[in-house]
Each structure stands twice: as C-alpha cells, then as structure tokens.
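1. Give the three-dimensional model of this entry:
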Amino acid sequence: MRIHFIAIGGSAMHNLAIALHKKGFIVTGSDDAIFEPSGSRLAQYGLFPAEMGWHETAITADLDAVILGMHALTDNPELVKAQQLGLKIYSYPEYIYEQTKDKIRVVIGGSHGKTTITSMILHVLNHYGKDFDYLVGAQLEGFDTMVKVTDSAPLMIIEGDEYLASPIDRRPKFHLYKANIAVISGVAWDHINVFPTYADYLRQFDLFIDTIQPQGKLIYCEADEELVRLVQANKSPVEKKPYQMPAHQVADGVTYLLPEHLPLKIFGDHNLMNLSAAKQVCKELGITEEEFNAAIVSFKGASRRLELLNSENNSNIYKDFAHSPSKVTATIEAVKTQFEERRLAACVELHTFSSLNKKFLLQYENSMIRADISLVYIDEKTFQQKKVQAFSELDVRTAFNDPDLTYFNDAKKLEDYLKNLDFRNTNLLMMSSGNFGGLDLVKLARELNT
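-> Predicted coordinates:
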C-alpha cells in the first residue's frame, strides 16, 4: 500500500504515518512546517519530508490513498492534484475506521477527560498483555507511539475528538469511528469557531450516540445533568450504562480507593470519574474490577495532565493541559482538595479560538474561585495569529469575576512575577494547551523551589 499524508506533521497525523510505516506500508508526506516532537519522530523512521512545502509531484496515480490533515487548506496544490486524479482521499479518522472496521472499536468521547480515560484503559490492557490497537492524544509511558494499527489485534481503543475531521470533511471526528462501545465523559461548550452555539455543540454528542453500532453500549457520566438529559432523550436502541464517583479517601496528600484502601498516583474528582469510566469499559472487555484496581494503582497519568514538574518545601509545581472553563475548574478543585493546607497559585493561558472569543470568555466566570492567587496569561502574538480583537485586563477580570486576578500578556513579566512569589507551603498550577510564550516550565519549576 502506498499512502501519502498531506500535513504529516500534525500530532495524530505523524503518529498514524509511523503506525502505517510499521505495518509495512510505503508512506510519504508533506508539510509547510513541522515542529517537535513530530519532526524527530518522523526522522527516526525515515519519514521526514526531503523538502518542506507542498509539491504537486508528490501526488501520483499509483497512490492507494491520500490522508488529509486539518492543517491543510482546501486549495492545497497536493489536495487539488489528488482530486483531479480521482484518488481516494481520507481524513485520518476516516482512515482509522477503514483500518479497523472488522475490529471491536471503543471510542472515548466527551468535552473533558478523553485522553486520561483512554490512557487508563490502555494502561490496564497493557498490564495484562492484551492485544489491542489504539489512538490516544498524548504520549504515554510504555507506549512508543500515540497510534497503533495492526492486522492482528481484535480491539481498537480510540480517543474520539469532536473537532472537524478535515478541511473537506466537516463532520466531527468521533462520528466517523462507529463505536461498538462508546463513552461520553461530560459535555461543556467548546470549539466555538465551528459550533457557534451550545445547542450546536450538544447536537454533536446526540449524533455520536446515533453512530454507535447495533448491540452497542454507551457508558456515560451520571453526575453531568446536561449529559443525562441528552442520553435520556436520545432514542438510539443501544444499551446505556451510567457511571458514578468511586468510593475513595484523601489522606496526607494521597488518594485511596475504597474499600481496599489502594493508594493511587492520580488525584482529583475529575480523575476519579475518569477512573470509573475506564473501569466500566474494561469490564465490558473482560477485565474484572479486582484486576482493574490491581493495575490502575501504577497508572501515573497522561502527559501534561497534572504532570508534577518539581516538589520541594511543601510545594508542588504542576503543568496541565486544562484550558477550557470546565477543565480549569476541575483541575484547580483537584489540587486544592488534595492539598487543603497549602495555598494555590493557579495560572491559565488563554490560547484556543474559543477562549480568545469575547463572548465565550464569559464561560470562565468563577472558574478560578478556589485558587488563592489567580493568574491569566495571553501571548499578544496569539491575538494577531488568530486575527481576533485583543482583550484588556478589565475584560479578563470581569469575565472571570475576580477583581484580584492578575493579567499578563508578556511571558517575561509572568516569569518574573512567579520568581518573586514565596512558594513555601504553596502549590503552583500552570494550565495551557499552548506553551506560555515559550517559557521553559521544567527549568522554571526547579528555580522556583530553590
């Protein structure tokens, strides 16, 4: 099989390219910019493009398929050439389905927790030596790539994003996987650039339920009242199974699963709910509750999800992928509950299209209310790159409903502010899907705790 990737440098795209290369396919690809770690990983497998940019000559009639990334535009010369030649053009979720349509597909959807739930399932299945394929949105300990597709595995575990599949396929990705077992972790409005109203956004999850295959199962969070209403109103004949918060106890900065009193390496109500979802999926796949619990105690979390950067002097410094309002609220609550005796300095970078929309910004109201020190950072260049009107400090304070909030649009000033804080008996939480204007958070964490 000869496969060409247009926009091979994307997170999911480059991992799928590597997975197909490992499967024995002849893989080529192009992009106009490739960042780390995609570049090094592609180079490791001989898949880094010989020349950057788009080249019509890369598209030939002998290609079995072209896989189109979201980064490409509709007038991309390689895409236009592929269309002219009548080649089969897939989005990456469409191609994932093509490669796994004879397998049992587990699809993890929801506005938050998808990566962690998927990672927990992979961890447990791997612990017991199960044969499975997967697609997950973070690099996991013990896994070489974020995508694995083989001929032999009977099972595919997929993190199902609700964002659009490709520039020419405007369906949400998770609609294309046709789950046998589906999870919805919760619903909270996001991706305002493609779902301009909350009703538009909710509709995508209703349609997702309709894509579950005959005799399929839906596992959903019973604590989310909006989701419960959506599930109850949906007429799909699939079996619907709610999950709840597991019994647990927090003592001396450690969360224990009850009644066995098993110590976990993760914490926070949102992660405990994620654990319940993963346990329910694993039960459907033949893993008993006792087996699940024995395996999950060694789960350290997914990359950039409450990732501990440094710990000294009763001060933990974390980075987290939280960026949407519900994620910011849940992550702050998790750290405050786990370490009630410590202060919390929480900093969120507003980076996505949704968070830089003045109307959507109001969704952040009271999201940082549990933090002792509230900080918001926006890279000035992000406004320019995304061609949106810049916020004022008053806009941000008003939206968050926090007059004591401190606003930064300069990474150096944020860094200097943090270096002048006293972090004794104080935790720091740095939340973003971006990179805080290029700040080296690992280096900063070491410096703050010295």
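2. from here on, contacts and neighbour counts on C-alpha atoms
-> Fine.
3. ranges for the helices of the stretch 351-450 of the chain?
-> Ranges of helices within the stretch 351-450 of the chain are 358-361, 380-385, 393-400, 411-419, 441-448, based on DSSP state H, counting those that start in this stretch.
4. Can you give me the end-to-end span of stretch 354-372?
-> Taking C-alpha to C-alpha, to the nearest Å, the first and last residues of stretch 354-372 lie 26 Å apart.
5. Name the SS class of residue 287, please.
-> Judged by DSSP: H, G, I helix; E, B strand; the rest coil, the three-state class of residue 287 is coil.
6. Counting neighbours, what do you get for it?
-> 17 (other C-alpha atoms under 10 Å).
7. can you map out the helices along the stretch 201-350 of the chain?
-> So, for the stretch 201-350 of the chain - with DSSP H, counting those that start in this stretch - the helices run 225-233, 269-284, 289-296, 325-338.
8. lowest-pLDDT helix or strand in this structure?
-> Every helix and strand in the chain was compared by mean pLDDT, DSSP states H and E; the lowest is helix 380-385, with a mean of 82.
9. from the middle of its chain, how far away would it be?
-> Between the centre of helix 380-385 and the centre of its chain there are 23 Å (C-alpha atoms, centre = their mean, to the nearest Å).
10. do the same with stretch 279-290
-> Distance, centroid of stretch 279-290 to centroid of chain: 23 Å (C-alpha atoms, centre = their mean).
11. go on, stretch 408-421?
-> In terms of C-alpha atoms, centre = their mean, the centre of stretch 408-421 is found 27 Å from the chain centre.
12. what are the C-alpha coordinates of it, in PDB please?
-> The C-alpha trace of stretch 408-421 is given here as PDB (Å, rounded to 0.1, in the frame of the first residue of the first chain):
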ATOM      1  CA  PHE A 408      -0.100  39.100  31.800                       C
ATOM      2  CA  ASN A 409       0.500  39.400  28.100                       C
ATOM      3  CA  ASP A 410       4.300  39.200  28.400                       C
ATOM      4  CA  ALA A 411       5.900  35.900  29.300                       C
ATOM      5  CA  LYS A 412       9.000  37.500  30.900                       C
ATOM      6  CA  LYS A 413       6.800  39.600  33.200                       C
ATOM      7  CA  LEU A 414       4.900  36.400  34.200                       C
ATOM      8  CA  GLU A 415       8.200  34.600  34.800                       C
ATOM      9  CA  ASP A 416       9.500  37.500  37.000                       C
ATOM     10  CA  TYR A 417       6.200  37.600  39.000                       C
ATOM     11  CA  LEU A 418       6.400  33.900  39.700                       C
ATOM     12  CA  LYS A 419      10.100  34.100  40.700                       C
ATOM     13  CA  ASN A 420       9.200  36.800  43.300                       C
ATOM     14  CA  LEU A 421       6.400  34.700  44.900                       C
END
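13. mind listing what's buried in that stretch?
-> Buried positions in stretch 408-421, judged by neighbour count with 16 or more other C-alpha atoms under 10 Å: 408-409, 411, 414-415, 418.
14. what's across from the residue lying closest to residue 249 once chain neighbours are set aside in the sheet?
-> Ranked by C-alpha to C-alpha, 6 or more residues apart in numbering and with sequence neighbours excluded, the top spatial neighbour of residue 249 is residue 256, at 5.2 Å. Note on residue 256: beta-bridge partners residue 249, residue 263, judged by DSSP bridges.
15. Thanks a lot, catch you later.
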